[in-house]
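Student: model this:
(chains A and B)
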Number of protein chains: 2
Amino acid sequence: MTDFSPNTTDRAATVSSAGERALIQRIRARSGTSPRAPWVTLGIGDDGSVMAVPRGEVLVSSVDALVEDVHFRLDWSTPHSVGRKAIAVSLSDLAAMGAAPRAVLVSLTLPAGFPLADFDALVDGLVEEAGRHGATLAGGNIATSPGGLAVHVTSLGSAHPRRILTRAGGRPGDELFVTGTIGAATAGLGALMQAGPAGTRAIADLAECLARYETPSPLIRCGQRVAGQRAASACMDLSDGLADAARQIAQASGMGACLDAAQLPVHPGARRWFEAAGLDPVAAALSGGEDYELLFAVPRRRRRGFFAAIARSGGISATRIGELTTAPALVLRQSDHNLELPAGYSHLG
Amino acid sequence: MTDFSPNTTDRAATVSSAGERALIQRIRARSGTSPRAPWVTLGIGDDGSVMAVPRGEVLVSSVDALVEDVHFRLDWSTPHSVGRKAIAVSLSDLAAMGAAPRAVLVSLTLPAGFPLADFDALVDGLVEEAGRHGATLAGGNIATSPGGLAVHVTSLGSAHPRRILTRAGGRPGDELFVTGTIGAATAGLGALMQAGPAGTRAIADLAECLARYETPSPLIRCGQRVAGQRAASACMDLSDGLADAARQIAQASGMGACLDAAQLPVHPGARRWFEAAGLDPVAAALSGGEDYELLFAVPRRRRRGFFAAIARSGGISATRIGELTTAPALVLRQSDHNLELPAGYSHLG
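Tutor: Residues are numbered from 1 along each chain as shown, chains lettered A, B, ... in the order given. Below is the predicted model:
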């Protein structure tokens, strides 16, 4: 008889033979090692979870999903890294709002034959990444599916209501700053599509790009620091690329934007990969998705406060790449001519 | 050129040809008609949603999912009823906690060829059912999938921290009460599996069973009234059947339970269908899932308050079906002998 106890290492065991209750027991056992945050007063195992939102703060929530063969392939990524990434991309939305992560709820659809060992690795990835950012795995749902693996993550955070960063607060003349570098995840994914994991891991130059694609890190502290300083008028994360983020902030704020191609911080390894692949590095980095950096609109009088906040964000850099404009156009300024900003990356496309 | 504006009625349009932004616009347009609750201060369209939890209350959250060909079939149910049911089954968890629904987040995976008209009907079902229970559709996520349709719903509600109903508060001697009737959804599903929608709709006796399967209604007011009276020591909804709920409450409370077969309020139409199908009506109704009634453990001294709360729940009935026991066994008492309680229904099975 197959052993479905939380400690089984039976390699033939699958999630559907274990059953939902046993899987929930396994999740409880695996998440029990991370300390439960004081604000979660009722966690996994009841009809719902109970969380106290700190006095004077409001709830900030967001949901994001990773779907097999759309957002990841299990022959390219381990279940552990899929778990980590599912949490990271959902928490990235809280980072963009300047909120503190408090809890995550995870709704899984699992293929019937999904090995129990892979389930455990996935759960470990979820618990680890949530814990890294101070969030408790507080609940969820499990269903089997005739389709593939899907991981839907609801992130629950909190923030002071006057410190929340939205997309809509930008004003003409506000400078646009992007954190870190862009294009790395797109180059990592492109290399995987071209050469597969075995082919790519040999190219040292791509290691950082692959890591950025596989295990992005949400810029929680950065979002909170900038929001805490009230140093930005608008913010968005780069889930669908920089061009898309600039367009969203400009449109939500009712204006246009002008980006300076020469200033864009394209990741050096990504730039080399784009060039070798015959792609325009600027266009590829602008429209490629999954960078999970943050784009801020910063009023000029807040510039000093913005850089002070960035300096206290733990090794994050920020680059001025353009500004919001009264004219509604979305322009990419190059050395001698202006172009329309390319469209962003769409997971649905 | 295909028209993806919110008002298009182009029958050839599909969700993947429309793209994510256009779909989000359609959701905003279709949900704009329902009044936005004052507690949701930022809704669909930003990185996250912002919600104020009423002063003195805590957040109660839960996530549930409906997956095509696991929980529903699109040749049996309309997209509109799938939308309604997805919200209803998620909110049912809040009902079981005694919480007031405030907002829902919806994460969709859509087949690439899903017609835009079906998408609209699904969204209308989501918005209608949420609105019926006072919840705002405050955000979500959309992905296409090589698999089928899946609707993951996170319910966000609030309650006074001392008024929350969990599964774990039961004491020996507490009486067990179940609302309404049991077995109807199971009979409805069984009839659909046997005869399909055309065959079943001809049987007048089954109309209520089919409706219970297709569009269950979460007992929000009932849960809140009983919780507000502090009239129950434990509560759970019957998503996986009465036998499972009794087992969960007993185990979470560290005791056993004894149910009286003669007292079980089996739905009359379901009873006739079970008998015609050669099934034991009591066993079928006990282990069948998706009733979405509530099971309460009620201390004897709270009985009067419990019935007062039920009387103010809008036409809900409650039946005493057994009690919690010191002995850890789970027993079904029949006229002349005792049986072990059958196992519950498992979606994962």
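Student: Now do the helices in the stretch 51-200 of chain A.
Tutor: For the stretch 51-200 of chain A, the helices defined by DSSP state H, counting those that start in this stretch occupy A:79-97, A:116-132, A:184-201.
Student: Chain B is nearest to which of these?
Tutor: Nearest to chain B among the helices of the stretch 51-200 of chain A is helix A:79-97; the distance by Cβ to the nearest Cβ comes to 4.1 Å. In this view, the C-beta of every residue, glycine as well, is placed from N, C-alpha and C.
Student: who does that closest one touch, helix- and strand-wise?
Tutor: Counting contacts by 3 or more Cβ pairs under 8 Å, 6 or more residues apart in numbering or on different chains; DSSP states H and E, helix A:79-97 packs against strand A:58-67, strand A:100-111, helix A:116-132, strand A:150-159, helix A:220-228, strand A:234-237.
Student: any chance of these in TSV, plus mean pLDDT and distance to chain B?
Tutor: Shown next, in TSV, are those (pLDDT from 0 to 100; distance: least, Cβ to the nearest Cβ, whole Å):
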stretch	mean pLDDT	distance to chain B
strand A:58-67	96	4
strand A:100-111	96	4
helix A:116-132	95	12
strand A:150-159	97	4
helix A:220-228	97	10
strand A:234-237	96	6
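Student: Distance of the residue nearest to residue A:196 when sequence neighbours are not counted relative to chain B?
Tutor: Excluding its sequence neighbours, the residue lying closest to residue A:196 (Cβ to Cβ, 6 or more residues apart in numbering or on different chains) is residue A:76, at 7.5 Å. Per Cβ to the nearest Cβ, to the nearest Å, residue A:76 is found 16 Å from chain B.
Student: Would you reformat the helices and strands packed on helix A:79-97 as JSON lines and include distance to residue A:246 and mean neighbour count?
Tutor: Formatted as JSON lines, the helices and strands packed on helix A:79-97 follow (distance: least, Cβ to Cβ, whole Å; neighbours: other Cβ atoms under 10 Å in any protein chain shown):
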{"stretch": "strand A:58-67", "distance to residue A:246": "20", "mean neighbour count": "26"}
{"stretch": "strand A:100-111", "distance to residue A:246": "26", "mean neighbour count": "26"}
{"stretch": "helix A:116-132", "distance to residue A:246": "28", "mean neighbour count": "22"}
{"stretch": "strand A:150-159", "distance to residue A:246": "24", "mean neighbour count": "30"}
{"stretch": "helix A:220-228", "distance to residue A:246": "17", "mean neighbour count": "24"}
{"stretch": "strand A:234-237", "distance to residue A:246": "9", "mean neighbour count": "26"}
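Student: Take the ones you listed and write them to TSV, including distance to residue B:200.
Tutor: As requested, the helices and strands packed on helix A:79-97 are exported to TSV (distance: least, Cβ to Cβ, whole Å):
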stretch	distance to residue B:200
strand A:58-67	33
strand A:100-111	28
helix A:116-132	37
strand A:150-159	31
helix A:220-228	52
strand A:234-237	48
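Student: related to what we said a few turns ago, show me the contacts for the residue nearest to residue A:196.
Tutor: Applying Cβ atoms under 8 Å, 6 or more residues apart in numbering or on different chains, we find residue A:76 in contact with A:192, A:196-197.
Student: ChimeraX command to pick out the buried ones of these?
Tutor: In ChimeraX syntax, the buried subset of those is picked out as below (16 or more other Cβ atoms under 10 Å in any protein chain shown):
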select /A:192
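Student: any idea which of the contacts of residue A:76 is the one closest to residue B:322?
Tutor: Closest approach to residue B:322 among the contacts of residue A:76 (Cβ to Cβ): residue A:197, at 56.5 Å.
Student: quick one: low-confidence ranges for chain A?
Tutor: Where chain A drops to pLDDT under 70, the residues are A:1-11, A:33-36, A:201-204, A:343-349.
Student: tell me, what residue is most central in it?
Tutor: The structure's chain A has its C-alpha centroid closest to residue A:89; by Cα atoms, centre = their mean the separation is 2.4 Å.
Student: beta partners of the residue nearest to that one when sequence neighbours are not counted?
Tutor: Spatial nearest neighbour of residue A:89, excluding adjacent residues (Cβ to Cβ, 6+ apart): residue A:64 at 5.1 Å. Following DSSP bridges, residue A:64 is listed with bridge partners residue A:153.
Student: Tell me which residues touch residue A:64, please.
Tutor: Applying Cβ under 8 Å, 6+ apart, we find residue A:64 in contact with A:86, A:89-90, A:92-93, A:152-153, A:155, A:239, B:107, B:141.
Student: hmm, try it at 10 Å
Tutor: Applying Cβ atoms under 10 Å, 6 or more residues apart in numbering or on different chains, we find residue A:64 in contact with A:71, A:86-93, A:151-155, A:239, B:47, B:107, B:140-141, B:143.
Student: One more: residue A:249?
Tutor: The contact partners of residue A:249, taken as Cβ under 10 Å, 6+ apart, are A:166-170, A:174, A:176, A:233-236, A:255, A:257, A:295-297, A:324.
Student: before we move on, what about residue A:284?
Tutor: Residue A:284 sits next to A:182-183, A:186-187, A:190, A:241, A:266, A:270-271, A:273-275, A:277, A:342 when contact means Cβ under 10 Å, 6+ apart.
Student: Nearest spatial neighbour of the residue of the stretch 1-150 of chain A found nearest chain B, chain-adjacent residues omitted?
Tutor: Residue nearest to chain B within the stretch 1-150 of chain A: residue A:147 (2.2 Å; Cβ to the nearest Cβ). For residue A:147, ignoring the flanking residues on the chain, the nearest one in space by Cβ to Cβ, 6+ apart is residue B:147 at 2.2 Å.
Student: so the one you found touches residue A:110, yeah?
Tutor: No. Residue B:147 sits out of contact with residue A:110 when judged by Cβ atoms under 10 Å, with a separation of 11.9 Å.
Student: For these two, list the residues in contact with both.
Tutor: A:145, A:147-150.
Student: Among the residues you listed, which one has the most neighbours?
Tutor: Within the shared contacts of residue B:147 and residue A:110, residue A:150 tops the neighbour count with 28 neighbours, counted by other Cβ atoms under 10 Å in any protein chain shown.
Student: List the contacts of the residue nearest to residue A:307 when sequence neighbours are not counted.
Tutor: Spatial nearest neighbour of residue A:307, chain neighbours left out: residue A:318 (7.4 Å); criterion: Cβ to Cβ, 6+ apart. The contact partners of residue A:318, taken as Cβ under 10 Å, 6+ apart, are A:177-180, A:222, A:226, A:265, A:293-296, A:298, A:306-307, A:309-311.
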